[in-house]
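Visitor: take this sequence and fold it.
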Amino acid sequence: AAAAAAATATATDDESAPITLDKWDFTAVKNHLEDSFKHHILEEAPDFEESHASTDFRLIVCTLACVIALGGVVYQYFVPHPASRTVMGICSATYFVLVGLLTVHSIFFDHHLLLLARRTTKSGKKEELQVAVSMKRWAYDLELTVRLLSPGAEVSERTQKLSVTSFVHENGQVDQAAIAATVKTLVAPVLSKKEQ
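Guide: Numbers count the residues shown, from 1 in each chain. Have a look, this model is predicted:
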């Protein structure tokens, strides 16, 4: 029991310990801020469950494209050119169509999307919470958008421009309290509009 308590205390200390990043490492800062935003947003909206539908769709399309490309290569190995020309043409065309579909999906449906979460209300309505983060490379600012979609209702949306320096201090330490407070000011009004 004492060992379990000590382990729990250690885990709690690890979670509450300040995180320090290399503030000049853009990728590390961006990834950590996005993970923190997602974590705190799900905490503010506990009845929402994260949906991986978009990621699953991309994985399925990528898998199909790779299988078709590999199938074409294997077929050509056993049936050399020019006998394999028709099959190779079909495989190549299908591969590029799938890659094009993936590109269109990424640009128009998944652009800057950080989080997609869903819930079913007591009345049976299925609502969708979308969170998008836009942050240009080497920039000190970012744009965070929280959007709630509900069938037959107006879209509830809130966007705020933020500075990275508000969350990552001069010494590289991440201010989780500031991230949590910012997320609360964005998520609470969006959800409350739907509850009214």
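Visitor: tell me which residue is most central in the chain.
Guide: Geometric centre of the chain, nearest residue: L114, 3.0 Å, by C-alpha atoms, centre = their mean.
Visitor: please pull out the lowest mean pLDDT helix or strand from the chain.
Guide: The helix or strand of the chain with the poorest confidence is helix 2-16; it has a mean of 45 (mean pLDDT, DSSP states H and E).
Visitor: that helix: what's the following helix or strand?
Guide: On the C-terminal side of helix 2-16, the closest following helix or strand by DSSP states H and E is helix 26-44.
Visitor: give me the residues contacting stretch 124-133.
Guide: With C-beta atoms under 8 Å, 6 or more residues apart in numbering as the contact definition, stretch 124-133 has outside contacts at 33-34, 37-38, 41, 45, 48, 51, 111-121, 142-152, 194. Using the backbone N, CA and C atoms, a C-beta is placed for each residue, glycine as well.
Visitor: please enumerate the helices of this structure.
Guide: Applying DSSP state H to the chain gives helices spanning 2-16, 26-44, 53-78, 85-108, 176-195.
Visitor: lowest-confidence stretch among these?
Guide: Set side by side, those give their lowest mean pLDDT on helix 2-16, at a mean of 45.
Visitor: how about the contacts made by T120?
Guide: 126-127.
Visitor: 10 Å instead?
Guide: Counting by C-beta atoms under 10 Å, 6 or more residues apart in numbering, T120 makes contact with 47, 49, 126-127.
Visitor: for it, give its distance to F48.
Guide: 10 Å (C-beta to C-beta, to the nearest Å).
Visitor: with M135 instead?
Guide: Distance from M135 to F48, by C-beta to C-beta: 23 Å.
Visitor: V183 too?
Guide: 13 Å.
Visitor: more neighbours: which of those two?
Guide: V183 (23 against 20; other C-beta atoms under 10 Å).
Visitor: the more buried one - nearest residue in space that isn't next to it in sequence?
Guide: With C-beta to C-beta, 6 or more residues apart in numbering as the criterion, V183 has its nearest non-adjacent residue at 4.1 Å, and that residue is H40.
Visitor: what number of residues lie near the one you found?
Guide: The burial count for H40: 19, using other C-beta under 10 Å.
Visitor: quick check, it in contact with A181.
Guide: Yes. Judged on C-beta atoms under 10 Å, H40 makes contact with A181 at a distance of 9.1 Å.
Visitor: OK, contacts around V87?
Guide: Taking C-beta under 10 Å, 6+ apart, we find V87 in contact with 71-72, 75-76, 79.
Visitor: 7 Å instead?
Guide: V87 makes contacts with 72, 75, as judged by C-beta atoms under 7 Å, 6 or more residues apart in numbering.
Visitor: ok, the residue nearest to V183 to K30 distance?
Guide: Separation of H40 from K30 (C-beta to C-beta): 16 Å.
Visitor: also I90?
Guide: Relative to K30, I90 is positioned 40 Å away (C-beta to C-beta).
Visitor: now F78
Guide: 46 Å.
Visitor: repeat for K161
Guide: Taking C-beta to C-beta, one finds K161 at 16 Å from K30.
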